[in-house]
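Chemist: Sequence plus the predicted model coming up.
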Amino acid sequence: MNASVLLRATDIHKTYSLRAGFMGQVVGRKVDEVRAVDGVSLELDAGQVLALVGESGSGKTTMGKMVSLVERPTAGKIEFDGEDVTHLSSSRLKALRQEVQMIFQNPYESLDPRHTIGTSVMEPLIIHRIGTKGERRDKVEEALSQVELRPASKFVDRFAQDLSGGQLQRVSIARTLVLAPRLIVADEPVSMLDVSVRSGVMNLMLNLQANLQMAYFYITHDLAVARYMSNRIAVMYLGVVVEEGPTDQLIERAAHPYTRLLIMAVPEHKVGKKRRRVQLSGEAAAIKEIPTGCRFHPRCPLAKQVCSVEEPPVVTVAPGRRAACHFAQEVFDKQELILNV
Amino acid sequence: MKGANYWTDFARYPTVLASLIIVVGAAVLALLAPYLGLPNPEEMAGDLSELYVRPGAEHWMGTDNFGRDMLSRVIWGTRLAFQVAIVASLVSTLLGVMLGSIAGYFGGWVDHILARTFDVFLLIPAFFLVILIVALFGSNIYLIILAIAITSWSGQARIMRSQVLTLKSRTYVQASLGMGSSHLRVLFRHIVPNGLAPLITNGTILMGLAILTEAGLSFLGLGDQSTISWGRMIFEGQSQLRVAAWLVIFPGLAMLLLVAALNLLGDGLNQVLDPNLRVRGNPEKAPLPEGLSGRGVAEDGPATGRTGSEGEGLLEVRDLTMFYHLGDNWVRAVDGVSFSLERDGGLGIVGESGCGKSSLGLALMQVLPRNAKILGGSVRFDGREILNAGDDSFRSVRWKRMSTVFQSAMNALNPVLKVRQQLAEAYRLHRPDAGRAEVQERIEEIFDTIGIPRWRMESYPHELSGGMRQRVMIALSLLLNPELIIADEPSTALDVLVQDQILAEIDKLRSRTNLSLILISHDMGTVAETCERIAVMYAGQLVEEAPTDAIFSDPRHPYTQALVNAVPRLTGRKHELTSLPGEPFVPIGDLRGCRFAPRCSFATDLCRQQEPSRQRVDAGHISACHFALDERIENRAGERLLL
Ligand SMILES: Nc1ncnc2c1ncn2[C@@H]1O[C@H](COP(=O)(O)OP(=O)(O)OP(=O)(O)O)[C@@H](O)[C@H]1O
Ligand code: SF4
Ligand code: SF4
Ligand SMILES: [Mg+2]
């Protein structure tokens, strides 16, 4: 066991039931179940960044809610700093919330429109009864200048509506900083920002992470962003992690056909070169109708008979590299395999 | 600052302002009644020598059958009216807020039971319940107020419940819970205050209702005998209507005025508090910003120049200008845009959110939102002016020769019609005499081209995935074999793999037919792969236009340089991303100088004073920067990331 593991999620499941409605229940219609997360295991070391990458509906946000302890998993175990936190009492949970903080996708909705920026950033301190009034104010100003909203005094009395998206997201980051957390769960924190503003927020997050020794659980649909932000990447598809490994290695040499295709599909201009386009069969599957066997088999160009019947095992293709595919080792060893289909 | 906004909003609605003045005036009178030297009517003995005095200089509202001054009675009556109104409305609002928010927030069986309770109370005819209560428990003013509140709280509760239902999923609520807030704290710090606006509106209207109800009770003789209310004055005065009509008229007028004012105020608050109900500008009436009067729309038809002559591309756009009228301002969404597109050509238009890309697409297709106005320029399609050339003339071009896929168009399909029906309808609209077989054949053909399985024709839109729906929209735009298609973010919001497939279809299509394409997107990578040329837009203007490779390898506008370096890449060496200070510029009102100057590290006084003209960097490479040819900017283009 590694002593520096900050967060460990083991075989996490989350099932949401869609009610059949009152009349439906009367006539005995079955309640629809959606398996949003279906057996995910992940580890995040202290002071590191793990990027969770996946398409919309793959279960990334649900996973984020569980590791940030906002929702409880249907099954599985979540450990924080060695302590099992899956079923904590509410008082212990409240204490733990100081250590795990969240940043959300929509900056325009992350702050209460009726509160000043200062009040919003101070809220965590009030909830956790930290410091005197004066101390709180100092902490708020310090946090605001840490996120480069300077001079802080110019911002504390303004309202969310007076700030731009980039500034709002910085305020959200400042709000997490006042509690000096050890883990920040960030769900697509820059995807709604303008391109020219986005990179500033990403750089800020990286600097803070390095200076304050925090760990990030960074959720994104964008592999290039994941590459820029993370040490490790986990790729999700329809509720499961299909591949996980160190960022550079994983992008350089994917072991799962899905990851491989995902990397190939990113449109990126290279002067004078033309990228090969991916040609997939089939349509994207929806989480409501998860295919049997390997979830990716209806779209996978390498699918064989076994794939539609048997769920693939998790294979360790190299130290620190795992992938859930019957042919992971072959894909890893022979990268051209997919290119030639 | 917030307060100030509300005041100017109030000023926009004169009736609201008037009603506000009436309500506040009445409240002041009520408060000051004891200090105005008006005798308290309860202690007023009356002067037997002054019975039934007509309204006049001495007694402005006359006197009653006991010789009591009506003016002071009416003013003292205001006190009671306000008491009834405020307490009843407050109690019902408080009850409504409490129960409505609990129902909405906790949901489940709690909500089930409470919501039913609200419904039951709403069904009870209010006035009769009040009468019943008063008849059963006696007539006491506090009881009357309570009875009014009991009959009106459930409306407030229902409003609160629905407010909470929407507000509880707001991110800031989630955030606060995530920080460790208790449910109660979240409810009363973040949810209730944000949901209160419609309750205030409704509460104001309830105030008027409470006054009327109390008056109604008094008029029926069920009022509290120990109070002075307008209702009782009317009740007592009615028997003397012939002798002294003023006994009824003045309290009646006072009541009418106050209740009407409260209702108007409630409506007005609704408008002020709900920004969705505010007025938009009217582009026909608003004065134009200075310096624009000179620009005009090109004349119709061939008169202005060559028809399809050599050297002219399929689409020639000159100085196209379209503004939105918003409030008192003009948003310069498309401001003097010029470019040309060759036959078979592909032009990508990129820029950040709000730079005007979509507006440019709309202006080209001339499908304008109501508050938009084309202020000038020329758009020539195949040698013919189509801008404001009259609807008929353009109709022959639009959709048939030049069509479009709008941003988020995939939600624009009719949900109750099968895909095949929608395509067939569109086809028949333009080719009315097409036979069944012809239509079917064309649809099959287009489905094959776009890569939609034919059996999907019989699907309803909701049965299709986002990617398939988007393909159907593309099929729709290609149905009539256009020569040019304008696609606005056709693949954004789709997953990477699906997006790639759609772009591949567009690619294939272009190489097979001689389709020209204008691809609008915020994503440089997407555009780069599909188009030979790229135009970069900033704050309503094209700032750089060049062959795709040159945009990446030799960008000559500081904004393009920043944009190219701000996006992380999946391949190649990792490099630190650059970011721009400040925020994208919104072009509103009168402008001067270069719009990028506030964020540009090369900006000089010249930039701030004078709008840069288009500089020719190379054949087919244009940059709208004073220093496009300057060494510093050329060097910056060279020191960029490795490709
Ligand atoms: N109907 C409208 N009324 C008033 N202003 C508008 C209207 N539509 C757009 N605008 C404004 O015009 C400018 C250009 O908007 P436009 O939608 O063309 O931008 P865009 O580049 O397509 O952005 P996005 O990437 O978000 O689609 C923006 O400032 C926008 O707020
Ligand atoms: S298990 Fe089979 S279907 Fe699944 S990814 Fe591997 S090869 Fe493809
Ligand atoms: S004109 Fe001046 S401010 Fe504008 S982009 Fe060029 S250098 Fe920058
Ligand atoms: Mg747009």
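Modeler: Cool, the structure landed. Ligands and ions are numbered 1, 2, ... in the order given.
Chemist: make it CA atoms for all contacts and neighbour counts henceforth
Modeler: Noted.
Chemist: Neighbours of residue B:57, how many?
Modeler: By other CA atoms under 10 Å in any protein chain shown, 8 other residues sit near residue B:57.
Chemist: how close does it sit to residue B:36?
Modeler: 17 Å (CA to CA, to the nearest Å).
Chemist: go on, residue A:87?
Modeler: 68 Å.
Chemist: what about residue B:102, which helix or strand?
Modeler: Secondary structure assignment for residue B:102, by DSSP states H and E: helix B:70-106.
Chemist: Residues contacting the helix or strand following that helix, please?
Modeler: Toward the C-terminus, helix B:70-106 is succeeded by helix B:108-123 as the next helix or strand (DSSP H and E). Applying CA atoms under 8 Å, 6 or more residues apart in numbering or on different chains, the external contacts of helix B:108-123 come out as B:99-100, B:102-104, B:151-152, B:154-155, B:157-158.
Chemist: between these, which is nearest ligand 2?
Modeler: Within the contacts of helix B:108-123, the smallest distance to ligand 2 is 43.9 Å, found for residue B:104 (CA to the nearest ligand atom).
Chemist: Which residue, other than its chain neighbours, is closest to that closest one?
Modeler: Nearest residue to residue B:104, sequence neighbours excluded (CA to CA, 6 or more residues apart in numbering or on different chains): residue B:161, at 4.6 Å.
Chemist: again with residue A:316
Modeler: residue A:322 (4.3 Å).
Chemist: Could you do residue A:117 as well?
Modeler: Leaving aside its chain neighbours, residue A:117 sits nearest to residue A:156 (5.0 Å; criterion: CA to CA, 6+ apart).
Chemist: Likewise for residue A:8?
Modeler: residue A:43 (4.5 Å).
Chemist: picking that back up, pLDDT of the helix holding residue B:102, averaged?
Modeler: Looking at helix B:70-106 alone, the average pLDDT works out to 91.
Chemist: okay, the angle between it and helix B:108-123?
Modeler: For helix B:70-106 against helix B:108-123, the angle by axes from the mean of the first three to the mean of the last three CA atoms, to 10 degrees is 150 degrees.
Chemist: So which bits of helix B:70-106 are buried?
Modeler: Going by neighbour count (16 or more other CA atoms under 10 Å in any protein chain shown), the buried part of helix B:70-106 is B:70-105.
Chemist: name the helices or strands packed onto that helix?
Modeler: The contact analysis (3 or more CA pairs under 8 Å, 6 or more residues apart in numbering or on different chains; DSSP states H and E) places helix B:70-106 against helix B:14-32, helix B:108-123, helix B:141-167, helix B:197-219, helix B:230-237, helix B:246-273.
Chemist: Remind me what the fourth one packs against, helices and strands.
Modeler: The criterion is 3+ CA pairs under 8 Å, 6+ apart, and the helices and strands that helix B:197-219 contacts are helix B:70-106, helix B:141-167, helix B:230-237, helix B:246-273.
Chemist: What are the contacting residues of it?
Modeler: Residues contacting helix B:197-219 (CA under 8 Å, 6+ apart): B:81-82, B:84-86, B:88-90, B:93, B:127, B:131, B:144-145, B:148, B:152, B:156, B:159-160, B:223-224, B:229-232, B:234-235, B:255, B:258-260, B:262-263, B:265-267, B:269-270, B:273-274.
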